[in-house]
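K.L.:
Generate a structure from the sequence data that follows.
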Amino acid sequence: MAQPHPTEAGSLQDLYLALSSLFDQHVVPIGDHLQTGMAQTLSAISSLKHETDAGRSSLESRIESLANILNATKSLANHFEPTSHGQNEHTEHSIADYASLEQRCNTFRDESERLATQNEQLTQRLEAEQQRVRDLEMNQQLCKAKLSRLQAVITKAATNANEVIDPEVTAKVQRIRARIETLVKKYCVGSRAAPRREHKELEEIDNDWVRKLKQIPTRYEQSDQDVFLTYWVRSKVYLLLQRRIFSQPCFGLDKDLESKLGEFETLISKFAHGTHPVEASKVPNCDTDNTDLETLGKNTSDWRALTLGYCKALGMTNDDTPKNVSQYIAHLFAPWVIGRPENQVGQKPVTYRWPPHLLHDLHDLCRDAYDLTVMIRQSTDRYRFISIDEDSKVRSADQDDFQPDDMLGPTDKYVGSKVWMTVFGALIKETQAGERYVMEKARVICKAAPPLSDHPKE
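P.N.:
Here you go, the predicted model:
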């Protein structure tokens with residue numbers, strides 16, 4: 001993780017402690033209060049629901065009894081109604097019973113009204129408690145939002161604002177590596193022919209394969225040689241990405257602006273390391289004052305990280321670099337392009353066209369590589385790709401910096417073999433505190449110790 005600016009370390013630590021104290025004093029008690037309030041509210045709602053259900057059940061039972069009594073009263077009234085022949089001998093007694101029943105009916109009616117009023121009150125209380133629960137939930141969400149903002153402030157104060165997320169970096173590296181493999185397997189198929197090279201670098205790359213081919217034992221069939229050829233092409237695609245993008249001072253700006261900033265960064269880096277021809281005498285001697293020299297290096301990293309942050313805010317894009325590099329890398333695929341008759345478009349002079357989508361696919365690859373470079377340069381830590389030296393000896397099955405993609409020779413002779421080529425370099429992270437991490441191991445092809453065959457290819 002990137003470290004804060006050395007001059008701000010004390011203030012950032014104080015701010016972190018102050019914010020942590022505020023968090024413990026205010027946010028944590030709020031959370032505890034909300035939890036207690038929620039528990040009490042749920043208990044009250046449960047009790048009110050039980051009470052309401054009991055009241056409604058009692059009310060329904062009494063209303064049913066009241067209806068039965070009223071029906072009985074009506075029946076008695078009809079039975080004891082006076083006749084035309086005179087008063088029934090039991091009339092007075094029946095009237096007394098009727099009056100008693102009517103009184104009981106009035107009592108039940110009053111009780112029914114009381115229970116209805118009580119039920120309405122309970123319903124209102126229940127609705128009020130439900131609203132209280134909703135308010136508590138809303139307050140809890142607001143407190144969570146405030147807590148998230150407070151944590152973000154604490155994190156931002158304690159770390160670099162341009163901090164690079166390592167899982168994102170490794171994911172991008174893995175995607176670039178996989179895309180190179182897909183491109184080579186897609187376009188490096190069929191017949192090949194030797195192209196005429198206009199660039200010395202490409203000519204040297206072709207000669208490197210001639211040298212590698214002589215090291216492949218004669219017992220290997222053509223299909224086996226083609227497999228190692230695809231590994232070799234992948235290694236050269238990585239090599240050109242390393243030379244023209246990964247190791248360059250990319251800022252994500254327009255080409256001219258990026259060029260000027262790149263020159264400035266180169267100059268201040270030389271000054272910081274005491275290699276500038278004019279200003280070297282002004283830089284502290286690393287043998288006598290390592291602390292000052294280390295501070296200069298950190299200040300340079302801080303300047304680069306802050307500058308990249310401001311460049312990102314400008315919203316500019318640099319498509320020139322990915323486009324130019326992709327067009328240059330396309331020449332690695334030229335042997336397969338001119339080896340296929342369908343790619344020929346002219347007779348005098350003979351000209352060829354690139355296969356459909358090749359330039360587009362390469363442009364996407366270079367765009368990813370450029371974006372990754374801008375991203376990792378935003379950190380004050382240093383990220384860099386390294387290739388494994390050819391003929392480096394494999395001393396254990398689990399190497400720190402690399403792992404094999406394939407073997408030239410028996411796989412059981414991996415330990416003791418030597419690195420034959422680097423298919424894709426290792427990504428190394430070096431913190432300002434001097435710690436070193438291997439974010440992604442290099443992918444290599446190893447060659448078993450001789451003899452591999454009786455007659456190596458001449």
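
K.L.:
Outline the domain layout of the protein.
P.N.:
6-158, 166-250+318-447 (automatic domain parsing).

K.L.:
So the nearest residue to D389 once chain neighbours are set aside, which state does it fall into?
P.N.:
With C-beta to C-beta, 6 or more residues apart in numbering as the criterion, D389 has its nearest non-adjacent residue at 6.9 Å, and that residue is V419. To be clear about C-beta, it is placed using only N, CA and C from the backbone, and glycine gets the same treatment. Following DSSP: H, G, I helix; E, B strand; the rest coil, V419 is assigned to strand.

K.L.:
The one 4 residues further on now?
P.N.:
In terms of secondary structure, V423 is strand; the call rests on three-state DSSP.

K.L.:
Distance of it relative to K393?
P.N.:
Look at V423 and K393: by C-beta to C-beta, to the nearest Å, they are 18 Å apart.

K.L.:
Settle it for me: which of those two has more neighbours?
P.N.:
The residue with more neighbours, out of V423 and K393, is V423; 27 against 11, by other C-beta atoms under 10 Å.

K.L.:
That one contacts L239, doesn't it?
P.N.:
No. Using C-beta atoms under 8 Å, V423 makes no contact with L239, being 10.2 Å away.

K.L.:
got the buried residues for stretch 329-339?
P.N.:
I329, A330, H331, L332, F333, A334, P335, W336, V337, I338, G339 (16 or more other C-beta atoms under 10 Å).

K.L.:
and the last one, what is it in contact with?
P.N.:
It stands for G339. G190, S191, R192, A193 (C-beta atoms under 8 Å, 6 or more residues apart in numbering).

K.L.:
mind checking pLDDT for it?
P.N.:
Confidence at G339, expressed as pLDDT, is 87.

K.L.:
cool, and the second one?
P.N.:
Per-residue confidence for A330 comes out at a pLDDT of 96.

K.L.:
wait, it sits on R353?
P.N.:
No. In this structure, A330 is not within contact of R353 by C-beta under 8 Å, at 11.5 Å.

K.L.:
What does I216 show for phi and psi?
P.N.:
Main-chain torsions, I216, degrees, to the nearest 10: phi -80, psi 130.

K.L.:
Tell me who's in contact with it.
P.N.:
D224, Q225, F228, L408, K457.

K.L.:
With N343 instead?
P.N.:
By C-beta under 8 Å, 6+ apart, the residues touching N343 are V337, Y352, R353, W354, P355.

K.L.:
Just name the closest of these to Q378, please.
P.N.:
W354 (34.1 Å; C-beta to C-beta).

K.L.:
Just give the closest residue to W209, not the sequence neighbours.
P.N.:
W232 (5.7 Å).

K.L.:
How much space separates that neighbour from S326?
P.N.:
The value you get for W232 to S326, if C-beta to C-beta is used, is 20 Å.

K.L.:
again, but for I165
P.N.:
Counting by C-beta to C-beta, the gap from I165 to S326 is 27 Å.

K.L.:
Neighbour count for those two, which is higher?
P.N.:
Ranked by neighbour count (other C-beta under 10 Å), I165 and S326 place S326 first, with 21 against 11.

K.L.:
distance of the more buried one from Q432?
P.N.:
For S326, the distance to Q432 equals 34 Å [C-beta to C-beta].

K.L.:
Low-confidence stretches in the stretch 351-458 of the chain?
P.N.:
For the stretch 351-458 of the chain, applying pLDDT under 70 flags the ranges 452-458.

K.L.:
Helices along that one, start to end?
P.N.:
Along the stretch 351-458 of the chain, counting by DSSP state H, counting those that start in this stretch, helices occupy 358-377.

K.L.:
mind listing the strands for it?
P.N.:
Here the stretch 351-458 of the chain has its strands, by DSSP state E, counting those that start in this stretch, at 351-352, 382-386, 402-408, 418-424, 426-430, 436-440, 442-447.

K.L.:
Tell me which of those strands lies nearest to R104.
P.N.:
R104 sits nearest to strand 436-440 of all these, at 89.5 Å, using C-beta to C-beta.

K.L.:
if I look at D320, how far off is N343?
P.N.:
To N343, D320 is 27 Å away according to C-beta to C-beta.

K.L.:
can you give me the offset of the lengthiest helix in the chain from its chain's centre?
P.N.:
In the chain, assigned by DSSP state H, the helix with the most residues is helix 91-158. Distance, stretch centre to chain centre, for helix 91-158: 48 Å (C-alpha atoms, centre = their mean, to the nearest Å).

K.L.:
could you point out which element follows it?
P.N.:
helix 166-187 (DSSP states H and E).

K.L.:
between that next one and strand 442-447, what angle do the directions make?
P.N.:
Between helix 166-187 and strand 442-447, the angle comes out at 50 degrees (axes from the mean of the first three to the mean of the last three C-alpha atoms, to 10 degrees).

K.L.:
residues near V438, how many?
P.N.:
V438: 15 neighbours (other C-beta under 10 Å).

K.L.:
for it, what are its contacts?
P.N.:
Applying C-beta under 8 Å, 6+ apart to V438 gives the contacts D400, D401, A426, L427, I428, K429.

K.L.:
Looking at these, spot the one nearest C143.
P.N.:
K429 (37.0 Å).

K.L.:
For the closest one, list each beta-bridge partner.
P.N.:
Legend: beta-bridge partners of K429 under DSSP bridges are Y383, Y437.

K.L.:
is it true that it touches E440?
P.N.:
No. Look at K429 against E440 with C-beta under 8 Å: they stay out of range, at 9.8 Å.

K.L.:
Which of those two has more residues huddled nearby?
P.N.:
Neighbour totals were compared for K429 and E440, and K429 leads with 22 against 19 (other C-beta under 10 Å).

K.L.:
now that one: how far from P249?
P.N.:
K429 is 18 Å from P249, by C-beta to C-beta.

K.L.:
same question, P404
P.N.:
33 Å.

K.L.:
Pick out whichever of those two has more residues nearby.
P.N.:
Neighbours per residue, other C-beta under 10 Å: of P404 and P249, the larger number sits with P404, 19 against 16.

K.L.:
OK, contacts around the nearest residue to the more buried one once chain neighbours are set aside?
P.N.:
Excluding the flanking residues, the one nearest P404 by C-beta to C-beta, 6+ apart is C446, at 5.0 Å. Shown in contact with C446 (C-beta under 8 Å, 6+ apart): V394, P404, D406, M407, L408, G409, Y414, S417, K418, V419, W420.

K.L.:
hang on, isn't P322 packed against C366?
P.N.:
Yes. Here P322 lies in contact with C366, judged by C-beta under 8 Å, at a distance of 3.9 Å.

K.L.:
Looking at these two, which one has more neighbours?
P.N.:
Neighbour comparison, P322 and C366: the larger count goes to C366, with 26 against 22 (by other C-beta under 10 Å).

K.L.:
What distance do you get for the more buried one to I245?
P.N.:
7 Å.

K.L.:
shared neighbours of the two, anything?
P.N.:
T321, P322, V325.
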